[in-house]
Every structure is written in structure tokens, then in C-alpha cells.
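K.L.:
all I have is the shape, not the residue letters:
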């Protein structure tokens, strides 16, 4: 049961990394996408949209790395037998 819980938690950590990169093109479309009629979503479609997306990336990846750090320590300190 510990192996299954460890595998599922590790899988969810890594699965949570993909959705932000998929959503970025919808929040702040490129010039080609804008020419095709996509408007994007406020406030990311404004002049500082790329900066806001960068700040979102930093916040997510910082919390992701802190979570991976502490989950590694928790995994090392637990007795698996």
C-alpha cells in the first residue's frame, strides 16, 4: 500500500506540471493566433501578459520544487518496512 501511495503522489506531482504549459497559448495568444481571431483572457492578453504568465510560472514551479524537496525528505525519513 505504501508503494501505491508513493507512486500515485509522485505521478500527481508530475502530472500537475503539464496543464499550465497547455493553457498559456489560450491565455495570451501569439500574433498569428490573434490574426485568426483569438482574443485571449484578461489580464493575460494585455501588454504585460507575458510578464504575468512568467510570474505565474515562477510561483507554480517554486511551490512544485518546495513540495518535491519536502516529499523527498518525508520519503527518506519514513520506514518502508
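P.N.:
On my side now, so go ahead. This is a predicted model, so every value here is computed, not measured.

K.L.:
any idea which residue is closest to the centre of this structure?
P.N.:
The structure's the chain has its C-alpha centroid closest to residue 17; by C-alpha atoms, centre = their mean the separation is 4.0 Å.

K.L.:
which non-adjacent residue is nearest that residue?
P.N.:
Distances taken as C-beta to C-beta, 6 or more residues apart in numbering put residue 64 closest to residue 17, at 6.7 Å, once the chain neighbours are dropped. C-beta: built from backbone N, CA, C; applies to glycine.

K.L.:
wait, that neighbour touches residue 15, no?
P.N.:
No - using C-beta atoms under 8 Å, residue 64 makes no contact with residue 15, being 11.5 Å away.

K.L.:
what about the two, which has more around it?
P.N.:
residue 64 (14 against 9; other C-beta atoms under 10 Å).

K.L.:
now the helix or strand harbouring that one: buried residues?
P.N.:
For residue 64, the host element (DSSP states H and E) is helix 49-77. By neighbour count on 16 or more other C-beta atoms under 10 Å, the buried set for helix 49-77 is 49, 53.

K.L.:
what's the answer for stretch 17-34, then?
P.N.:
The neighbour-count check on stretch 17-34 (16+ other C-beta under 10 Å) flags 24, 27, 28, 29 as buried.

K.L.:
need those residues in JSON lines (columns: secondary structure).
P.N.:
Listed next are the buried residues of stretch 17-34 as JSON lines, based on DSSP: H, G, I helix; E, B strand; the rest coil:
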{"residue": "24", "secondary structure": "helix"}
{"residue": "27", "secondary structure": "helix"}
{"residue": "28", "secondary structure": "coil"}
{"residue": "29", "secondary structure": "coil"}
